[in-house]
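Chemist: predicted model, plus sequence, below.
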Number of protein chains: 2
Amino acid sequence: MTETRFDVVGIGNAIVDVLAHAEDELLDQLGLIKGAMTLIDDKTADAVYETMGPAIECSGGSAANTIAGLASLGGTAAFVGKVRDDQLGKVFAHDIRALGVSFETQPAADGKSTARCLILVTPDAERTMQTYLGSCVELGPADINEETIAAAKITYLEGYLWDPAAAKEAFTKAAGLAHDAGRLVSLSLSDSFCVDRHRAEFLDLVESHVDVLFANEDEIKSLYQVDEFDDALQRVRGHCQVAALTRGAKGSVVIAGDEVHIVDADPVDHVADTTGAGDAYAAGFLYGFTRGDGLARCAHIGNIAAGEVIGHMGARPDTPLKDLLADKLG
Amino acid sequence: MTETRFDVVGIGNAIVDVLAHAEDELLDQLGLIKGAMTLIDDKTADAVYETMGPAIECSGGSAANTIAGLASLGGTAAFVGKVRDDQLGKVFAHDIRALGVSFETQPAADGKSTARCLILVTPDAERTMQTYLGSCVELGPADINEETIAAAKITYLEGYLWDPAAAKEAFTKAAGLAHDAGRLVSLSLSDSFCVDRHRAEFLDLVESHVDVLFANEDEIKSLYQVDEFDDALQRVRGHCQVAALTRGAKGSVVIAGDEVHIVDADPVDHVADTTGAGDAYAAGFLYGFTRGDGLARCAHIGNIAAGEVIGHMGARPDTPLKDLLADKLG
């Protein structure tokens, strides 16, 4: 096997987040389910934006956030995702490259604008998301470079890629190339409603194609259509090499064959905005994993990264995670 | 005199801020003076952006921040400034309108893009700014609506407007209309280097056209070319109805004829980013002033507003200032 250049290559929707504080009443008025991600078209995006208060803009996208977190920890990474050549596309490309991430996907020269995720952060710090996929629908198999996939220890994919049709083909191609090159494939289930939309295919993926699975409690319960976390835990066991399951303030559970770890959350002074918590956990976990750390330490690094991200508005680290990790774990 | 619809109409450069953490070494490398605002062209803006770390985008602009702060306190306001009809222009317009501010300036349909201010926030929380004025250079006298100016108790102008040539004419026209309608004119000196660029004209403005002046310590010393704050204080006394002078952690000094108030800063747990501190102070001061509050209370409200804004990244309030004021002053 040739040497790797990247710890992880992430493939996902390339999105700029638009975050605003909102009262619970606005979610009711818009008919939204708290904590979920809903896909919307451009007209709805404009209408929802009208209802939102003053906002801030930050680069987002689930897998892109994970890649940003990994780079912030000191890992080497590449990202594949489709922006347009517009102002928000330049923002996305700048932010990920500024972390030293290789981002070579050609921006779309015409068609829909760069994707936006309108995020309402309620007083309980929960985020509710509405995504206009924009140019993400242009991502396809041609954007997957065999050399890049083969050069990464892990190819990391977000479940949300299953929503735009051509991206799903890109996903499948990348997973195949990774395994052909003797590399690992990792998947985040993304969102319980996304799991609902694609359950049969996700079950097949987890069974046959995924080595390292990330899911939160709602997602893993949705995947197996069970009501209890423990039931989901028994079901996922043995279906992929490693499953890292997050439970919010309860911390995370890692299961890998006979090995099980239950790792408490990192204490956080003040939770401001949970956007990106799961993405940051995956970043920390994969940082440890690609260095050969034990699974408990991987989970601990994941918890530390998630703890930083939920302390402020926005899904990506506000301070270098590398420094934070040195402070906390030495 | 007819009734007013607005407490304040603000006229200024319509800018989207791009904020990133930076080490002091980057300021040295770029040859920047810490704490200052430098004007740059689009090529330099692209080159500086390349050197910056991951950033967040928020609406900015000095007078626009003041108007946003005033609206967040519960005041009524209008804003005049020129964006382009691009993605960042839509962000600017959304954020100010979302606060209930009347913003009717026609966006430029072609020409330069919406203005961007690249802000480097060093570990001491000081911000150093580089501004690409973009479509702000298109603001001119035709954008000043007589009815809007006459409908506001105070017309508030930023010194930065003196940089783009046509905006200066808009500024002069607005000041004249305000006085013709029996209203007050307020000016912020903006930046000590801006004062350097336009000192003679600013001295004339303060002498003959400004009723309420805002300046920080560096700016007022630059205006009168003196080394000591007290010398500047003696010079400004009597040259305008009210001068509100900010001194960072030392709080603020208000001087109005024989009346003088020295009001301590509001205690702040953690200073994250000083961007917008002066703008927020002016917002709080003008909120009190347009309600007929005593000058000491105006300064106190200014300090509270500034205290909120320096606690987080970005120049505009993260929480409604109205609620904060109710908590602090009842």
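Modeler: Received, thanks. Numbering: from 1, shown residues only, chains lettered A, B, ... in the order given.

Chemist: so how far is A:Gln130 from the residue most central in space within chain A?
Modeler: With distances taken as Cα atoms, centre = their mean, the residue of chain A nearest its centroid is A:Ser62 (2.9 Å). Computed as Cβ to Cβ, to the nearest Å, the A:Ser62 to A:Gln130 distance reads 15 Å. C-beta here means a position set from N, CA and C on the backbone, and glycine is covered the same way.

Chemist: A:Ala152 too?
Modeler: In this view, A:Ala152 and A:Gln130 are 31 Å apart by Cβ to Cβ.

Chemist: how about A:Ile144?
Modeler: Separation of A:Ile144 from A:Gln130 (Cβ to Cβ): 28 Å.

Chemist: please apply the same query to A:His209.
Modeler: According to Cβ to Cβ, A:His209 and A:Gln130 sit 30 Å apart.

Chemist: who has more neighbours, those two?
Modeler: Shown here are A:His209 and A:Gln130; by other Cβ atoms under 10 Å in any protein chain shown, A:Gln130 has more neighbours (22 against 17).

Chemist: how about the residues of chain A near chain B?
Modeler: A:20-21, A:49-50, A:52-59, A:68, A:86-88, A:91, A:94-96, A:98-99, A:113, A:312-314, A:316, A:318-319 (Cβ under 8 Å from any Cβ of the partner chain).

Chemist: just checking, which of these belong to strands?
Modeler: Mapping those onto strands (DSSP state E) picks out A:Ala20, A:His21, A:Ile56, A:Glu57, A:Cys58, A:Ser59.

Chemist: could you export the residues you listed as a markdown table, including neighbour count?
Modeler: Below are those laid out as a markdown table (neighbours: other Cβ atoms under 10 Å in any protein chain shown):
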| residue | neighbour count |
| --- | --- |
| A:Ala20 | 20 |
| A:His21 | 19 |
| A:Ile56 | 24 |
| A:Glu57 | 25 |
| A:Cys58 | 26 |
| A:Ser59 | 28 |
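
Chemist: now flag whichever of the residues you listed is closest to chain B.
Modeler: Chain B lies nearest to A:Glu57 out of these, by Cβ to the nearest Cβ, at 3.9 Å.

Chemist: wait, that closest one sits on B:Lys90?
Modeler: No - using Cβ atoms under 8 Å as the test, A:Glu57 is too far from B:Lys90 to be in contact (10.9 Å).

Chemist: list the residues that contact both of those two?
Modeler: When Cβ atoms under 8 Å, 6 or more residues apart in numbering or on different chains defines a contact, no residue borders A:Glu57 and B:Lys90 alike.

Chemist: kindly give a single ChimeraX line that selects the buried subset of the residues of chain A next to chain B.
Modeler: Of the residues of chain A next to chain B, the buried ones can be selected in ChimeraX as follows, counting by 16 or more other Cβ atoms under 10 Å in any protein chain shown:
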select /A:20,21,49,52,53,54,55,56,57,58,59,68,86,87,88,91,94,95,96,98,99,113,312,313,314,316,318
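
Chemist: so out of everything in the stretch 151-300 of chain A, what residue is nearest chain B?
Modeler: Ranked by Cβ to the nearest Cβ, the top residue of the stretch 151-300 of chain A for proximity to chain B is A:Ala272, at 9.1 Å.

Chemist: next, the closest residue in space to that residue that isn't next to it in sequence: phi, psi?
Modeler: In space, and not counting its chain neighbours, A:Ala272 is closest to A:His312: 5.3 Å by Cβ to Cβ, 6 or more residues apart in numbering or on different chains. A:His312 adopts backbone torsions of phi -150, psi 170, taken as degrees, to the nearest 10.
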